[in-house]
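Colleague: Below is the structure, and that's it, no one-letter string:
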Ligand SMILES: Cc1cc2nc3c(=O)[nH]c(=O)nc-3n(C[C@H](O)[C@H](O)[C@H](O)COP(=O)(O)OP(=O)(O)OC[C@H]3O[C@@H](n4cnc5c(N)ncnc54)[C@H](O)[C@@H]3O)c2cc1C
């Protein structure tokens, strides 16, 4: 039996499916139109014991491993949610781990507990207008002044940024390059923190995205996450989980689109026969299923190896690119096989087609993933 399909994980899947079908699916279209999910959904997900999966109980989580959190992601998408919904509701999956790993009890109490209880929202703010793939060139400065840092600079494309109460911000506390970067917790209410209106996007419409501006924001030194100038290594360390999660989102989206397409081709009749009766259609769907299963099998194996503590940097990058390529192929064909309906907002595959375009960009682009592999492979 697969480690992703144990009795415990089957029970977890069942509770995620119940939550998704009752709390998410009936409201998702409205949240897409509104451009955000409500805070109430965070509280409901916490009450259903889903928000804290993969986070230690000592920090307010509900225990389990990060692979359990990936099981939650799979199941939300496969039971009618979306990658955009996952991005919005589980932003703490990228915003909290550095802080929890650093283990400062005061920051855990201030941030992790209320976030995992669904009361507060935390975002991760690394990307800047002039620094995306090249994280080591970021410019937002935090200058020490007594027992405070004074933070100046801006951040771009920050998921849940318009709603967040806390930001885990990558700042420059030292010299140029990777060795001068730290992580700092910035509360939204601090004077000088500016948050833009929601940025208008192609997909992930229920997931709000913001630009942040820090204008000489004073933050206590106690808000430092981990050691000063060690932020880059913490960011790189946590990238594995983010990239694996995006790979999971990609193959889960693909699986959902395979399922929706199978249902559609048995119902849709053309020229007096169901689409499912045409060999060209049957083979197309068989290829969609093949790509999806390869992506899932490989990504899950890499995730298990990562959870076991193996060095999987290159394989994580390969998994992300494999799953994204599978997803791109599947969503494109799902729309095509749905015909005109596939282009309509009322069809679920249309949303997956738009939503999934970000998966090869966020958390490290396809090109950067290939570069990671090449750097480790080619002498
Ligand atoms: C919806 C959305 C949500 C996001 N959420 C967050 C968030 O919560 N927090 C956060 O910090 N960031 C977030 N991001 C930012 C995201 O991580 C970056 O957009 C991504 O890392 C790419 O950076 P960039 O946009 O600056 O592109 P660039 O780095 O400018 O890249 C542009 C193109 O050049 C290519 N390229 C770059 N360098 C090389 C190279 N050396 N060799 C070959 N090709 C190269 C890239 O692959 C890409 O195709 C989000 C972005 C989006 C769109």
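Modeller: Nice, I can see it. Just so it is clear, the structure is predicted and the values come from calculations on it, not from any experiment.
Colleague: What is the burial count for residue 83?
Modeller: 29 (other CB atoms under 10 Å). Just so you know, the C-beta spots here come from the backbone N, C-alpha and C atoms, and that holds for glycine as well.
Colleague: per-residue confidence for the residue nearest to it when sequence neighbours are not counted?
Modeller: The shortest distance from residue 83 to any non-neighbouring residue, by CB to CB, 6 or more residues apart in numbering, is to residue 249 (4.2 Å). The model reports residue 249 with a pLDDT of 98.
Colleague: Let me know how buried residue 249 is, in neighbour terms.
Modeller: With other CB under 10 Å as criterion, residue 249 counts 29.
Colleague: So which residues on this protein come close to the ligand?
Modeller: Proximity of the chain to the ligand (CB under 6 Å from any ligand atom) is limited to residues 123-127, 132-133, 157-159, 201, 204, 209, 358, 361-363, 365, 367-368, 371.
Colleague: which ones are touching the residue of the chain at minimum distance from the ligand?
Modeller: Per CB to the nearest ligand atom, residue 132 is where the chain lies closest to the ligand, at 1.7 Å. Going by CB atoms under 8 Å, 6 or more residues apart in numbering, residue 132 touches residue 156.
Colleague: Looks to me like residue 144 is in a helix.
Modeller: No - assignment of residue 144 by DSSP: H, G, I helix; E, B strand; the rest coil gives strand, placing it outside any helix.
Colleague: doesn't residue 174 make contact with it?
Modeller: No - assessed by CB atoms under 8 Å, residue 144 is found out of contact with residue 174, at 10.4 Å.
Colleague: For the two, indicate the residue with more neighbours.
Modeller: Comparing residue 144 with residue 174 by neighbour count (other CB under 10 Å), the higher total belongs to residue 174, at 15 against 11.
Colleague: tally of neighbours for residue 218?
Modeller: A total of 13 residues lie near residue 218 under the criterion other CB under 10 Å.
Colleague: er, residue 320 actually
Modeller: Neighbour count of residue 320, defined by other CB under 10 Å: 33.
Colleague: Contact partners for it?
Modeller: By CB under 8 Å, 6+ apart, residue 320 lies in contact with 243, 244, 246, 247, 250, 363, 364, 369.
Colleague: Could you tell me how far residue 335 is located from residue 257?
Modeller: The gap separating residue 335 from residue 257 is 9 Å, by CB to CB, to the nearest Å.
Colleague: And these two? Which one has more around it.
Modeller: The residue with more neighbours, out of residue 335 and residue 257 and counting by other CB under 10 Å, is residue 257; that gives 27 against 21.
Colleague: Am I right that residue 138 is in contact with residue 173?
Modeller: No - Residue 138 is beyond contact range of residue 173, at 11.3 Å (criterion: CB under 8 Å).
Colleague: Please say which of the two ends up with more neighbours.
Modeller: Each of residue 138 and residue 173 has its neighbours counted (other CB under 10 Å); residue 138 has more, 25 against 20.
Colleague: For the more buried one, which non-adjacent residue is closest in space?
Modeller: Counting by CB to CB, 6+ apart, the residue nearest residue 138 is residue 131, at 4.2 Å.
Colleague: Find me the pLDDT at that neighbour, would you?
Modeller: So, for residue 131, pLDDT stands at 96.
Colleague: Contact partners for it?
Modeller: Residues near residue 131 by CB under 8 Å, 6+ apart: 137, 138, 139.
Colleague: same check, this time on residue 316
Modeller: Residues near residue 316 by CB under 8 Å, 6+ apart: 239, 240, 243, 244, 247, 302, 306.
Colleague: and the fourth one, that's in a helix?
Modeller: Yes - with three-state DSSP as the criterion, residue 244 is located in a helix.
Colleague: if you skip the residues just before and after it, what's nearest to the most centrally placed residue in the chain?
Modeller: Most central in the chain under CA atoms, centre = their mean is residue 87, positioned 4.6 Å from the mean C-alpha point. Among residues not flanking residue 87 along the chain, residue 207 sits closest, at 4.4 Å (CB to CB, 6+ apart).
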